[in-house]
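Peer 1: dropping the sequence and predicted coords here.
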Amino acid sequence: MLARMPRYFFNLAGQFPARDMVGHACTDDEEAKAHGSFIAHRIGTEKPEMVREENFISVRNEAGKEIFQIALASTTV
């Protein structure tokens, strides 16, 4: 029987907060951190005006506990 993967939530915090109501299944905290980093870089690249100190991705576990904060960043040079 396959074990159920935990669900993590990736909320945009700061200037224009947005709540992740669906979440994303990840194998563990490290995969959730990598997924949060992907989201932070994608937002920062597509909306560079959002890259500010107060804007970040808040990664929360199923219990609602914040486990990471990841600053928005652009991947463009």
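Peer 2: Nice, thanks for sending it over.
Peer 1: now name the helix or strand holding the residue most central in space within the chain.
Peer 2: With distances taken as CA atoms, centre = their mean, the residue of the chain nearest its centroid is G36 (3.2 Å). Using DSSP states H and E, G36 sits in helix 29-46.
Peer 1: now do the contacts for the residue nearest to the centre of the chain.
Peer 2: Going by CB atoms under 8 Å, 6 or more residues apart in numbering, G36 touches Y8, F10, I57, V59, F68, I70. For every residue, glycine as well, the C-beta is placed using N, CA and C.
Peer 1: of those residues, just the buried ones, PyMOL syntax please.
Peer 2: The PyMOL command for the buried members of those (criterion: 16 or more other CB atoms under 10 Å) is given here:
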select buried, resi 8+10+57+59+68+70
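Peer 1: and F68, which of the three is it?
Peer 2: The three-state assignment at F68 reads strand, by DSSP: H, G, I helix; E, B strand; the rest coil.
Peer 1: so it makes contact with A32?
Peer 2: Yes - assessed by CB atoms under 8 Å, F68 is found in contact with A32 at 7.3 Å.
Peer 1: for the chain, which spans come out with low pLDDT?
Peer 2: Residue ranges of the chain with pLDDT under 70: 1-2, 76-77.
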